[in-house]
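In: Build the 3D model from these lines:
(3 chains)
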Amino acid sequence: MDVSRPEYVPDPSLSRDEMEALQREIADVALFEDGFAFDPSAIEFDSPVDLGDDDQHRLTGDGPIVAGVDQAFLDDGDRALSAVVALQDGRVVDRAYAVVDTEIPYIPGLLSFREGGAILAALSNLAVEPDLLVVDGSGRIHFREAGLATHIGVTVDVPAIGVAKNLLCGTPAEPIPDRMAEGDRIPIEADERVETAEPGTVIGHAVQTRQYQSGSTSINPLYVSPGHRVSAVTTADLVSQCAAGYKLPEPTRLADRKADRLKREGGEA
DNA sequence: GCGACAG
DNA sequence: ATCTTGTCGC
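Out: As a prediction, the model looks like this:
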């Protein structure tokens, strides 16, 4: 698949102010409501998916194509590896990856300018056209409502959602308990730190995709938010539906695995 | 100055 | 993200 809006491709050479200005533009054109044609209830994972062997040609089926995206960094620290795994009807239908030189360090709030290039390069190597992108990181849960998932979703103009393991900003509608039950969700509302939204606006959810039945240890929830063309509630629904026994939703879990595998097998020299 | 911060 | 073995608990 290719870039739909070249003007939004993340440029690491921009100044911090220019990056923030671009994010405000992106948040302005992003759609934080459902704006897709596929049937969200058609996306379900009853059991974990197998990654399978490399580069096998697979036939595509009928259901929506969901692509998970994740990054890893090569040992030289100067290159980012982005892996994409496309799933349909509970099976892998395509995979792609790309290795891109890292231009800037990690800066909270500007993650897309560090990893965005690698992601777009990986997506350009994907043969199928995803109906939904599941990106590791925040979407609307961001200082300017333009996190990694939003930036990527708007740039390729494909429905996208963000899945993060930690909360970047915003405030839970109610305190996150020490232990949330599987399936539970708590709204995340915009606070003073989200400079582009009115405080109280629901910008995402804490979602518990997996939890131990009992015991002293518990699994923390995921923090999911709309990227583009998906509402906050639908985002939480989709993440829950993509879970298959693991904390991470299948698309992201497989992309994670793929990135790690490529990192070790691939050139890190 | 202090706090807070995805990957 | 990444550095990293064993180990506590289901």
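
In: going forward, measure contacts and count neighbours with C-alpha atoms only.
Out: Fine.

In: Can you give me the neighbour number for the residue lying closest to A:Gly77 once chain neighbours are set aside?
Out: Once flanking residues are discounted, A:Gly77 sits nearest to A:Thr102: 7.9 Å by Cα to Cα, 6 or more residues apart in numbering. Number of residues near A:Thr102 (other Cα atoms under 10 Å) recorded here: 19.

In: Repeat that for A:Thr235.
Out: Per other Cα under 10 Å, the neighbour tally for A:Thr235 reads 28.

In: Just to check, it is in contact with A:Val224?
Out: Yes: using Cα atoms under 8 Å, A:Thr235 is in contact with A:Val224, at 6.9 Å.

In: who touches both of those two?
Out: Contact criterion Cα atoms under 8 Å, 6 or more residues apart in numbering; residues shared by A:Thr235 and A:Val224: A:Ile161, A:Gly204.

In: How about the secondary structure of the residue in the stretch 51-200 of chain A that DNA strand C sits nearest to?
Out: Nearest to DNA strand C, among the residues of the stretch 51-200 of chain A, is A:Ala72, at 3.8 Å (Cα to the nearest atom of the strand). Secondary structure, DSSP: H, G, I helix; E, B strand; the rest coil: A:Ala72 is strand.

In: That one: what's it in contact with?
Out: A:Ala80, A:Leu81, A:Ser82, A:Ala259, A:Asp260, A:Lys263.

In: How about A:Arg91?
Out: With Cα under 8 Å, 6+ apart as the criterion, the residues that contact A:Arg91 are A:Val49, A:Asp50.

In: same check, this time on A:Gly35
Out: Going by Cα under 8 Å, 6+ apart, A:Gly35 touches A:Pro159, A:Arg229, A:Val230.
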